[in-house]
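> Here is the input, now give the coordinates:
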Amino acid sequence: MATLGIKNIGILVSGDLEKGIIEADSILCEDGLITRVGNSLDLGPADVVVDAKGTTVMPGLIDSHCHVVIGDFTPRQKTVDFLESYVHGGITSVISPGEIHAPGRPSSASGVKALAVAAHECFTNFHPLGMKCHAGSVVIEPTLSREDFLEVAGNGVWLAKYGFGAFADPSDGEPQIRWAQEAGLNVMCHSGGASIPGSKPITADHLMMLAPDVAGHINGGPTALTDEGVRRLVMESSMYLQVVQAGNLKKTFEIVNMAAESGALPRVIIGSDTPTGTGVMPLGVIKTVCEIASMTGLSPEKTLALAQGNNARAFKINQGVIEEGAMADLIVLDAPWGSVGVNALEAIARGDIPGISAMILDGVVRTLRSRNTPAATRMAQVEPPMEWLKDGH
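The predicted structure is shown next:
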């Protein structure tokens, strides 16, 4: 039984919107799960001990909108190893909104199903730097029947994406969305202006009628919904509302402020919506967190929860929170060199991207000294030493 302990935690961020910060200084992980959280835990028997040196520990970030295809390669940007690089940006898990960048993407029922099943099975077996890729999101097409959704669900597919199929009008896909949900699939719907050739704008009226589980990038992917459309989704719907880095920043702040004022923050989630035309962005999620926390006044720990516990709840995955039984996907981080902030949360509140000194996925130390963030002011130490992981910066 592999065990890992973390000691000398200065600030422990729960990842939960309501819990915020946990009053504890140590964590014990066994076989990839968090088994104990407390103060001055006995970590003596642990195979590996991470000394956080008084810095911050929090759950790994979940990117709820990452355009994977198959393997660690993005055809849209012709870039390899982008997922491994995203781990260096604090992301331990990604959700696929459909493998729409696959060259020659099929639209026939058999092809659509085959692509979803293949992507799902490939990423079930492939974890770049330990990352969990929740892939195989079936792109909803007019060619799909109720039986087709039941078939892919029987093959493990549990995600679906609407907005890129060959429907004459976006409202025409309502039956397929219901069939997908009845089969147990979590449906994310495109929103706003068209983003790739062949797709169509989807308005708030469409979304209210289609009623997906997640309204994707309502701040723009890249073009945002109207002001009134956003207001309707926040105030009148029950779906999860996604904001992304590759969207409209002004609209992001408006959405978060409106959600905070109306009690809708538990439905707000964060994604990067990359790689896309915006590019490959390993720091896309943490950058969005810093922008929201520094410009809206929402506390750093609550803002982080939008990319941690909120995302986990939206997609029903056992990640994104610090609690016994949750996946041991953790980040050790601190204020970056030169920041006025004295810890990671103060840095985030000022808009400074914090420095990551350790990434732990499934209870295993995967990186030290992130190659993408600024250097952390205080670096975590690991026993036994792992010198081969210390060349990130």
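
> ok, now which residue in this structure is the farthest from the centroid?
Distance from the C-alpha centroid of the chain peaks at residue 44, with 33.3 Å (C-alpha atoms, centre = their mean).

> That residue in helix, strand or coil?
coil (DSSP: H, G, I helix; E, B strand; the rest coil).

> what separates it from residue 32, distance-wise?
20 Å (C-beta to C-beta, to the nearest Å). No exception for glycine: its C-beta is placed from N, CA and C like everyone else's.

> sorry, back to before: which phi and psi values does the residue farthest from the centre of the chain adopt?
For residue 44, the backbone dihedrals (degrees, to the nearest 10) come out as phi -50, psi -50.

> Do you know the pLDDT at it?
For residue 44, the model assigns a pLDDT of 85.

> ok, now how distant is it from residue 115?
Distance from residue 44 to residue 115, by C-beta to C-beta: 49 Å.

> What of residue 23?
47 Å.

> Same check on residue 170?
Residue 170 is 22 Å from residue 115, where distance means C-beta to C-beta.

> nearest spatial neighbour of residue 82, skipping sequence neighbours?
Excluding the flanking residues, the one nearest residue 82 by C-beta to C-beta, 6 or more residues apart in numbering is residue 280, at 4.8 Å.

> Count the residues that sit near residue 385.
Summarising burial for residue 385: neighbours were counted as other C-beta atoms under 10 Å, giving 10.

> hang on, I meant residue 365
Neighbour count of residue 365, defined by other C-beta under 10 Å: 19.

> That one in helix, strand or coil?
Assigned by three-state DSSP, the conformation of residue 365 is strand.

> That one contacts residue 386, doesn't it?
Yes - look at residue 365 against residue 386 with C-beta atoms under 8 Å: they come within range, at 6.2 Å.

> pLDDT of stretch 365-384, averaged?
Rounded mean pLDDT across stretch 365-384 is 96.

> next one: stretch 291-306
Here the average pLDDT along stretch 291-306 is 98.

> just stretch 25-37 next, same as before
Averaged across stretch 25-37, the pLDDT comes to 98.

> Next, the buried residues of that stretch.
Using 16 or more other C-beta atoms under 10 Å as the test for burial, stretch 25-37 gives 25, 26, 27, 28, 29, 30, 34, 37.

> Which ones among these lie within strands?
Among these, the members falling in strands (DSSP state E) are 26, 27, 28, 29, 30, 34, 37.

> could the residues you listed be laid out in TSV, adding distance to residue 201?
Compiled in TSV, those are given as follows (distance: C-beta to C-beta, whole Å):
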residue	distance to residue 201
26	51
27	46
28	50
29	46
30	49
34	43
37	46
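
> Tell me the one among these nearest to residue 209.
Nearest to residue 209 among these, counting by C-beta to C-beta, is residue 34 at 41.0 Å.

> Tell me the bridge partners for the closest one.
Beta-bridge partners recorded for residue 34 (DSSP bridges): residue 29.

> Tell me who's in contact with it.
Applying C-beta atoms under 8 Å, 6 or more residues apart in numbering, we find residue 34 in contact with 27, 28, 322, 323, 324, 325, 326, 327, 328.

> One more pass at 7 Å, please.
Applying C-beta atoms under 7 Å, 6 or more residues apart in numbering, we find residue 34 in contact with 27, 322, 323, 324, 325, 326, 328.

> Tell me, how many residues neighbour the fourth one?
Translated: residue 324. Residue 324: 12 neighbours (other C-beta under 10 Å).

> and the residue lying closest to residue 60 once chain neighbours are set aside, what element?
Computed as C-beta to C-beta, 6+ apart, the closest residue to residue 60 that is not its neighbour in sequence is residue 92, at 2.8 Å. Using DSSP states H and E, residue 92 falls within strand 91-95.

> What are the contacting residues of that strand?
60-66, 68, 131-134, 285, 315, 319, 329, 361.

> If we use 8 Å, what do you get?
59-66, 68, 83, 86, 130-134, 137, 159, 188, 271, 282, 285, 311, 315, 317, 319-320, 329, 331, 359, 361.

> Parallel or antiparallel, which strands does it pair with?
When DSSP bridges is applied, strand 91-95 pairs with strand 61-63 (parallel), strand 132-134 (parallel).

> and the next element down the chain from the first one?
Scanning the chain past strand 61-63 towards its C-terminal end, the next helix or strand to appear is strand 73-74 (assignment: DSSP H and E).
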